[in-house]
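Engineer: Fold the following for me, if possible:
(chains A and B)
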Amino acid sequence: MAMNVMEIVRSYELAPEGTIGICGGMAMCASCQCYVKSTHELPEMGQDEDLMLAEAFYVEDNSRLGCQIAITPQLDGLEIELAPES
Amino acid sequence: MIQTDILIIGAGPTGLFTVFEAGLLKLRCHLIDALPQIGGQCSEIYPKKPIYDIPGFPEVLAGDLTDNLLEQCKQFQPGFTLGERAETIEKLDDGSFIVTTNKGTKHQAPIIAIAGGLGSFEPRKPPIPNIANFENKGVAYMIKEPEVYRDKRVVISGGGDSALDWAIFLTAIAASVTLIHRRNEFRGALDSVDKVQELKNAGKITLITPAEVKGIVGDTYVTGVRIASKDQEEYTLETDCFIPLFGLSPKLGPIGNWGLEIEKNAIKVNNALDYQTNIPGIYAIGDVNTYPGKLKLILCGFHEATLMCQSAFKRIFPDKKYVMKYTTVGGVEGFDGTKKEAPKAVVKAIQ
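Structural biologist: Model (predicted):
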């Protein structure tokens, strides 16, 4: 089954369990916020994600919600940094 | 002192279903939850979202599931301590426990069932450097007593329902209400957005968007906030109060210090038997527990609650013989005197 960035982070336990993916991937919390460091073309930001990020902390121009980025072969080499927990 | 048979910490779906299963065994329950309403994540994060894996419900909204669970267990008359967080636990000589909340409410029970999900929901605090200095001195992350804001100048920031709803509410008592959000669009219910628009047009709410509060001004108490926006120099807006409302996030919190075995932010339990923790008499069920193969699903919480209640019954009544009865056979006899039972078959001869 295809994963999104949030799920990848959880499956490799890159962030403490219970601190990321709190809403399960509905773009209804911002616990999976990450900064996109590479120039890959990403799925366009939906309104849910945009408005959720408008209430998140430590938001930068390259902020995205990991749960809204599905991993596809085109994203090979994607570089991200997890935003601080808040 | 509130006394009960099973003290449930967390009033989410697992906690509510525990009331039903305990009730079938004639055990009474009381629930503590940090949120002011029942339902846990289902009501706080996604009440309007559908769930598709509740057995027997091809589709159910999280909010409706909460309502149904309450309806299902109401004849067992659960008690509630809402808006309070379970803080400390003490074991008495008779083996029972006393759990005290952050507001000092004491509860005593022989069995504790922690159904705490990902933890208690705490307000998210914006990373404004000097904000901690002004907590309770003009800064509040949740509104407990609206009267505090009577005739005060209030600045609210946030873009969800709580920011909108409180901005609307406070126009009736505050000297002025300013709502600041990083977008022109709001995430709240359409009704609330329309109402804020109406109050803005009437001059009762000042809307500053897109903008952000970057700092707080004041000696001891808040006297103003520093507002930054893309196309304007940072400036100070005078105010008496600043209320950032950015939703809540769950934290395991004080339960983490109760001497329970914790692994990956969850409580380790014996899943081969009864979901008991390393402290006899304390169980952990639903998303808050962990064991090999654990799945954080509501339906798994229901199963765990059911087995846990059987174990609790044996702990409370070690000498009683008990055989599980189908509800279809035994019916559901409430503590309120009601009885639900399967209708008797009608026997009638054919002439």
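
Engineer: shaky segments in chain A?
Structural biologist: A:1 (pLDDT under 70).

Engineer: do that again at 80, thanks
Structural biologist: In the predicted model, chain A carries pLDDT under 80 at residues A:1, A:86.

Engineer: need the strands for it, in chain order.
Structural biologist: Secondary structure of chain A (DSSP state E): strands located at A:33-36, A:63-65, A:80-82.

Engineer: what sits against the residue nearest the centre of chain A?
Structural biologist: Centrality entry for chain A: nearest residue to the mean C-alpha point is residue A:66, 1.3 Å, by C-alpha atoms, centre = their mean. Counting by C-beta atoms under 8 Å, 6 or more residues apart in numbering or on different chains, residue A:66 touches A:4-6, A:8-9, A:20, A:32-34, A:80, A:82. No exception for glycine: its C-beta is placed from N, CA and C like everyone else's.

Engineer: just those residues now: which is nearest residue B:26?
Structural biologist: Nearest to residue B:26 among these is residue A:20, at 41.8 Å by C-beta to C-beta.

Engineer: Quick one: neighbours of that closest one, just the number.
Structural biologist: 22 (other C-beta atoms under 10 Å in any protein chain shown).

Engineer: okay but it is in contact with residue A:29, surely?
Structural biologist: No. Using C-beta atoms under 8 Å, residue A:20 is not in contact with residue A:29, being 9.5 Å away.

Engineer: hmm, which of the contacts of residue A:66 are the buried ones?
Structural biologist: Among the contacts of residue A:66, those classed as buried by 16 or more other C-beta atoms under 10 Å in any protein chain shown are A:4-6, A:9, A:20, A:32-34, A:80, A:82.

Engineer: remind me, longest helix of chain B?
Structural biologist: Criterion DSSP state H: the longest helix present in chain B is helix B:298-316.

Engineer: can you tell me if that one touches chain A.
Structural biologist: No. Using C-beta under 8 Å from any C-beta of the partner chain, helix B:298-316 stays clear of chain A, coming no nearer than 11.2 Å.

Engineer: Just the C-alphas of that helix, formatted as PDB.
Structural biologist: The C-alpha trace of helix B:298-316 is given here as PDB (Å, rounded to 0.1, in the frame of the first residue of the first chain):
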ATOM      1  CA  ILE B 298     -11.700   2.100  18.000                       C
ATOM      2  CA  LEU B 299     -12.900  -1.400  17.400                       C
ATOM      3  CA  CYS B 300      -9.900  -2.800  19.200                       C
ATOM      4  CA  GLY B 301     -10.600  -0.600  22.100                       C
ATOM      5  CA  PHE B 302     -14.100  -2.000  22.400                       C
ATOM      6  CA  HIS B 303     -12.700  -5.500  22.600                       C
ATOM      7  CA  GLU B 304     -10.100  -4.600  25.100                       C
ATOM      8  CA  ALA B 305     -12.800  -2.800  27.300                       C
ATOM      9  CA  THR B 306     -15.000  -6.000  27.200                       C
ATOM     10  CA  LEU B 307     -12.200  -8.300  28.400                       C
ATOM     11  CA  MET B 308     -11.000  -5.700  30.900                       C
ATOM     12  CA  CYS B 309     -14.500  -5.500  32.600                       C
ATOM     13  CA  GLN B 310     -14.600  -9.300  33.000                       C
ATOM     14  CA  SER B 311     -11.200  -9.200  34.800                       C
ATOM     15  CA  ALA B 312     -12.400  -6.200  36.900                       C
ATOM     16  CA  PHE B 313     -15.400  -8.200  38.000                       C
ATOM     17  CA  LYS B 314     -13.200 -11.100  39.200                       C
ATOM     18  CA  ARG B 315     -11.000  -8.700  41.100                       C
ATOM     19  CA  ILE B 316     -13.900  -7.100  42.800                       C
END
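
Engineer: All set now, cheers.
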